[in-house]
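>>> sequence first, predicted coordinates after that:
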Amino acid sequence: MHASSRLVEETDPGFAIALFPLNVDATTTLVERLLDGQEAGADVSRAQEVVEKAIALNAGHARLQSLKAEILLREGDRSGAADGFERALRLSRTESVALQRTIAWSIEAEEVVGALENIDVLLRRHPWKIRDLGSIFAAIVTTPEGYRELRRRLLVGPPWAAAVFRQIAADPPSLAAGASLLTDLHKEGAPVGDWGLSTIVQALIREGRPMEAYNLFLATQSAEEAALAGYVHDAGFQGTPSNKPFDWQIRSRSGHTVERLPHPSFASAKSGLLIQFNGTPVKDMQASQVLALPPGLYDLSATLTAANAKLPKGLYWSLRCLSSSREFARLSIAEGSYRDETVSAAFEVTALDCPLQIVSIHTAVIAESWKDRYLGSVVVQRLQIRKSAS
C-alpha cells in the first residue's frame, strides 16, 4: 500500500493518503494545494482537518508540525504559528519551512545572529533554497551587526559563501560593503576564492566604478601575486592562473592552444605564454588582460620566440580602451623562426573617459578560409608596459 501511495502522491494526494495515511509527502502536497486554492472545495478548515488527522498518526514529524503552523499563520495567529515552527525545529533542526519562516522573522526583528545561524543550517541541508531567500545577504551586509556576523561566518568557508557574493553583486548599493568584506576576509586569511572576488570586481566595472574594482583587486592579492604587480600584471606569465579580472584571461580555441610554460615542446623555457597553431584558420583568440593605466606616455613591448610560425593574416597584440574599443597601440608578431626578439610601440593615454584598457592578442581573419592556415608556434616570454622616459 505504501508503494501504491507513493505512485499517486503527486497526481492524486487525497487517494494516496487513503491508501497509506502515513504518507507525509502526500499530506504536504494536498495541504499546499488546499491553501493555494488548487483543490475543489479548498479552504483553510479542510487543510487543518487533513493536517490534524496526519498529526494524530505521526505527531513527531517536523514537516507536519510546520504545516500546522503555516495554517495558523494563514488564520492570523502569528504567536501560535511561531510556537508551531519552534516545535518543528525541535523535532528536526533542518525542517525547511520552519527555518525559512524563522529566518524572515529574525530579519524583521533585526536579530541578525539568529537569522544567519538558521540560514547556515538551511543552506547546508537545502542549498537550493537560496532562491527562496531573496536578496537577504545583500541586506544583511549593509548593517554593522550583519557585516560583523557575516564576516565571522565566512571566515570558516561555509558552502553558501558563493551565494553571498552573487547576491551582493546583483545589488549595486551593497557593492561597497561587499568589497570591504572581501578585503577584510583576505586580511584574515579566509578561503574566499577567486570566484567571489571576480563576481564583485566585475559588478563594480559594470556599475561604472572602475577604480573601486581595481583597488579591490590590488587589496586582495597574495604576497606572490603582489610580487608580479605592474601596469601589466604578471608580465612574464610566471604566476598561478587565476582568471581574476586584472589578471590574464587565457583560453584555447578551435585551431590553436594557448597555455603557460613550462611545456615539453619548450623544455628550456620556464615561463612565458605558448601559442601553438594546428594548421587551421584562426579567427578568434583568447588571451587578454584588463588594465588600469592613468593618463601618460608609455611603451608597450613584447619579447618573442617563434618556431616555424606561419601567420597568413597576421598575429598581433592590441591595446584598446575597454569602453570604446579605441586602439592605443599595436604590436605585430613576425612569421618564421627566431629567438628572444623584442618589438615595442610608444603610446599615450590621454582620455580621462577611458579609465580601463584591455590588452589582447588577435589575428586579422574576418572570414575563415582554409587558404589561411596558421602553423608553428609562438612564445610570448614577456609582455610589459613601462612609463615612457620622453
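All right, it came through fine.
>>> ranges for the strands of the stretch 1-150 of the chain?
For the stretch 1-150 of the chain, strands defined by DSSP state E, counting those that start in this stretch do not occur.
>>> so where's it shaky on pLDDT?
The stretch 1-150 of the chain contains residues with pLDDT under 70 at 1-16, 18-23, 25, 37-42.
>>> could you redo the last one with a cut-off of 80?
For the stretch 1-150 of the chain, residues meeting the criterion pLDDT under 80 lie at 1-43, 45-47, 49, 52, 54, 58.
>>> burial of the residue nearest to residue 73 when sequence neighbours are not counted, as a residue count?
Of all residues not flanking residue 73 in the chain, residue 81 sits nearest, at 3.8 Å (C-beta to C-beta, 6 or more residues apart in numbering). No exception for glycine: its C-beta is placed from N, CA and C like everyone else's. Per other C-beta atoms under 10 Å, the neighbour tally for residue 81 reads 22.
>>> so how far is residue 44 from residue 81?
Counting by C-beta to C-beta, to the nearest Å, the separation of residue 81 from residue 44 is 13 Å.
>>> then residue 216?
Distance, residue 216 to residue 44, using C-beta to C-beta: 51 Å.
>>> which one's more surrounded, the two?
Each of residue 216 and residue 44 has its neighbours counted (other C-beta under 10 Å); residue 216 has more, 24 against 14.
>>> quick check: that one touching residue 200?
Yes - the pair residue 216 / residue 200 is scored as a contact, 6.6 Å apart, by C-beta atoms under 8 Å.
>>> identify the contacts common to the two.
The contact sets of residue 216 and residue 200 overlap at 179, 182 (C-beta atoms under 8 Å, 6 or more residues apart in numbering).
>>> now do the same end-to-end measure for stretch 225-233.
Stretch 225-233 stretches 8 Å from its first residue to its last (C-alpha to C-alpha, to the nearest Å).
>>> cool, and stretch 184-198?
First residue to last in stretch 184-198 (C-alpha to C-alpha) measures 16 Å.
>>> show me what counts as buried in that stretch.
184, 185, 186, 190, 192, 196, 197, 198 (16 or more other C-beta atoms under 10 Å).
>>> residues contacting the last one?
It stands for residue 198. Applying C-beta under 8 Å, 6+ apart, the residues near residue 198 are 243, 244, 245.
>>> next, it: phi, psi?
Dihedral pair for residue 198: phi -60, psi -40, per degrees, to the nearest 10.
>>> how far away is it from residue 244?
Note on residue 198: its distance to residue 244, by C-beta to C-beta, is 5 Å.
>>> what secondary structure does residue 331 sit in?
strand (DSSP: H, G, I helix; E, B strand; the rest coil).
>>> so it touches residue 342, yeah?
No - counting by C-beta under 8 Å, residue 331 does not reach residue 342; the two are 9.8 Å apart.
>>> any residues in contact with both of the two?
In contact with both residue 331 and residue 342: 301, 302, using C-beta under 8 Å, 6+ apart.
>>> those two: who's more crowded?
Neighbour count, other C-beta under 10 Å: between residue 331 and residue 342, residue 331 has more, with 21 against 11.
>>> which non-adjacent residue is nearest the more buried one?
Per C-beta to C-beta, 6+ apart, closest to residue 331 is residue 317, 4.3 Å.
>>> what about that neighbour, how many neighbours?
Residue 317 is flanked by 23 other residues according to other C-beta under 10 Å.
>>> so which bits of the strand or helix carrying it are buried?
Per DSSP states H and E, residue 317 falls inside strand 316-321. Residues 316, 317, 318, 319, 320, 321 are the ones in strand 316-321 that count as buried (16+ other C-beta under 10 Å).
>>> quick check, the fourth one in contact with residue 348.
What that stands for is residue 319. No - counting by C-beta under 8 Å, residue 319 does not reach residue 348; the two are 11.2 Å apart.
>>> which neighbours do these two share?
Common neighbours of residue 319 and residue 348, using C-beta under 8 Å, 6+ apart, are residue 328.
>>> rewinding a little: wait, the residue nearest to residue 331 touches residue 363, no?
No - contact criterion C-beta under 8 Å: residue 317 and residue 363 do not qualify, at 11.5 Å.
>>> show me how far stretch 338-358 is from its chain's centre.
30 Å (C-alpha atoms, centre = their mean, to the nearest Å).
>>> what's next to it, contact-wise?
Counting by C-beta under 8 Å, 6+ apart, 205, 210-211, 214, 288-306, 319-324, 326, 328-334, 381, 388, 390 sit against stretch 338-358.
>>> now do stretch 61-68
24, 27-28, 31, 47-48, 51-52, 54-55, 58, 84-85, 87-89, 91-92, 95, 97-98.
>>> can you count the residues close to residue 350?
Residue 350 has 10 neighbouring residues, counting by other C-beta under 10 Å.
>>> for the stretch 201-350 of the chain, what spans make up the helices?
Under the criterion DSSP state H, counting those that start in this stretch, the stretch 201-350 of the chain carries helices at the ranges 210-219, 223-226.
>>> turn these into JSON lines, including mean pLDDT and distance to residue 121.
Formatted as JSON lines, the helices of the stretch 201-350 of the chain follow (pLDDT from 0 to 100; distance: least, C-beta to C-beta, whole Å):
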{"stretch": "helix 210-219", "mean pLDDT": "96", "distance to residue 121": "31"}
{"stretch": "helix 223-226", "mean pLDDT": "92", "distance to residue 121": "35"}
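>>> out of the ones you listed, which is the most enclosed?
Highest mean neighbour count of the helices of the stretch 201-350 of the chain: helix 210-219, a mean of 18 (counted as mean count of other C-beta atoms under 10 Å).
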